[in-house]
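1. Could you look at this predicted model? Sequence included:
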Amino acid sequence: MNKNITIRKAILKAIRDWQDQWNVSTPCNIFVDVDDTLILWKDSVSGHEIPWKANWDLCRFLRRLKHFSNVRIVVWSAGGKDHCDWAVSELGLKDVIDLTLDKPNICIDDISFATAFSKNFKPNILDKDQ
């Protein structure tokens, strides 16, 4: 089976599991990073600078996820909220993304960060060009 299809199914299953566990009225929050996730940075190729390319497969997948009931998609980045807003605009995702914000540097919670983000998927899993 294609690795990308397997990962997509795992993400969709994680959403369904969340909704079954908490009920549909509790939003399933999906956090997506900008750099090297939505925007894939590249090095020089043959002396020509290619600064970045879009992870279009992930962008299409996020559009699909928005069709689930009560899914909230948040884009965050260590580069800050303005960087997120730029990326979302460049990728034509303003109608898909619910919130943009700075990536947290410190988290204070009663459960560990790893536990809170128990479903973590690498960005290149949905990139056809990888």
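-> Done, it's in.

2. Which helix in this protein has the most residues?
-> helix 3-22 (DSSP state H).

3. Quick one: list the elements packing against it.
-> Under the contact definition 3 or more C-beta pairs under 8 Å, 6 or more residues apart in numbering; DSSP states H and E, helix 3-22 sits against strand 28-33, helix 56-65. All C-beta spots, glycine's among them, are computed from the backbone N, C-alpha and C.

4. Can you say which of the ones you listed is packed in most?
-> Mean neighbours per residue, mean count of other C-beta atoms under 10 Å, is largest over the helices and strands packed on helix 3-22 for strand 28-33, with a mean of 19.

5. Name the strands paired with it and say parallel or antiparallel.
-> Strand 28-33 sits in its sheet next to strand 71-77 (parallel), going by DSSP bridges.

6. May I see the buried residues of the strand it pairs with?
-> Residues 71, 73, 75-77 are the ones in strand 71-77 that count as buried (16 or more other C-beta atoms under 10 Å).

7. Contacts for that strand next, please.
-> For strand 71-77, contacts defined as C-beta atoms under 8 Å, 6 or more residues apart in numbering pick out 15, 27-35, 38, 62, 65-66, 83-84, 87-88, 93, 96-104.

8. can you give me phi and psi for Cys107?
-> phi -120, psi 130 (degrees, to the nearest 10).

9. Low-confidence regions, the protein specifically.
-> Within the chain, the ranges that satisfy pLDDT under 70 run 1-5, 22-24, 43-50, 113-130.

10. let's see 80
-> 1-8, 10-11, 16, 18-26, 42-50, 69, 107, 109-130 (pLDDT under 80).

11. in the sheet, who's paired with the residue sitting nearest the centre point of it?
-> Nearest residue to the geometric centre of the chain (C-alpha atoms, centre = their mean): Val32, 2.5 Å. Per DSSP bridges, the residues bridged to Val32 are Val75.
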